[in-house]
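A.B. asks: next comes the sequence, and after it the predicted model I'd like to discuss.
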Amino acid sequence: MAGKTVITFGTFDVFHVGHVRVLNRAAALGDRLVVGVSSDALNFAKKARYPVFTQDERMEIVANVRSVDAVFVEESLEAKRDYVVEHEAAILVMGDDWAGKFDELNDVCQVVYLPRTPSVSTTAIIELITGGGG
Ligand code: C2G
């Protein structure tokens, strides 16, 4: 495949400016950005609750971000190596809340951790809207 493919992963629930910024910064590292959107089942297994938006809705939103070239469903957190190889990604981008966690993939791609956008999160937005933030 011509050009450098960048791959990144996330839930991207209640899509916000931190999400669009990390996608744009990831895309700027290569020629093509592929995004694994975590499945509803994966989220339930991890957090014991379903995302506000379904995986089809979250995929549709992410797919329509201008810097994103393709999306797929991330079924397993442990399958990163397979996804990197399958999509022929040269660079894996993760938020720095995952810093160091995927360094073992350095043999198949470059692993880059990008700083998160401060003061914005899906959890805080949900709390604000539901009145949980006071
Ligand atoms: N992000 C960010 N700034 C924020 C919030 C999120 O840069 N204020 C980034 C995260 O670092 C991540 C992406 O946006 O790169 C998606 O965030 P989440 O939806 O919270 O993703 P997460 O649930 O951590 O991903 O394999 C990873 C899994 O898919 C889980």
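C.D. replies: Done, it's in.

A.B. asks: quick one: the helix or strand harbouring L92 near the ligand?
C.D. replies: Using DSSP states H and E, L92 maps to strand 91-95. Yes: Strand 91-95 reaches the ligand (C-beta under 6 Å from any ligand atom) through M94, G95. (Each C-beta comes from the backbone N, C-alpha and C, glycine too.)

A.B. asks: which strands and helices sit next to that strand?
C.D. replies: In terms of contacts (3 or more C-beta pairs under 8 Å, 6 or more residues apart in numbering; DSSP states H and E), strand 91-95 is packed against strand 5-10, helix 17-27, strand 110-114.

A.B. asks: any chance of those in JSON lines, plus mean pLDDT and mean neighbour count?
C.D. replies: Formatted as JSON lines, the helices and strands packed on strand 91-95 follow (pLDDT from 0 to 100; neighbours: other C-beta atoms under 10 Å):
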{"stretch": "strand 5-10", "mean pLDDT": "98", "mean neighbour count": "23"}
{"stretch": "helix 17-27", "mean pLDDT": "98", "mean neighbour count": "18"}
{"stretch": "strand 110-114", "mean pLDDT": "98", "mean neighbour count": "17"}
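
A.B. asks: Q55: neighbour count?
C.D. replies: 22 (other C-beta atoms under 10 Å).

A.B. asks: correct me if wrong: it contacts V37.
C.D. replies: Yes: between Q55 and V37 there is a contact under C-beta atoms under 8 Å: 6.3 Å.
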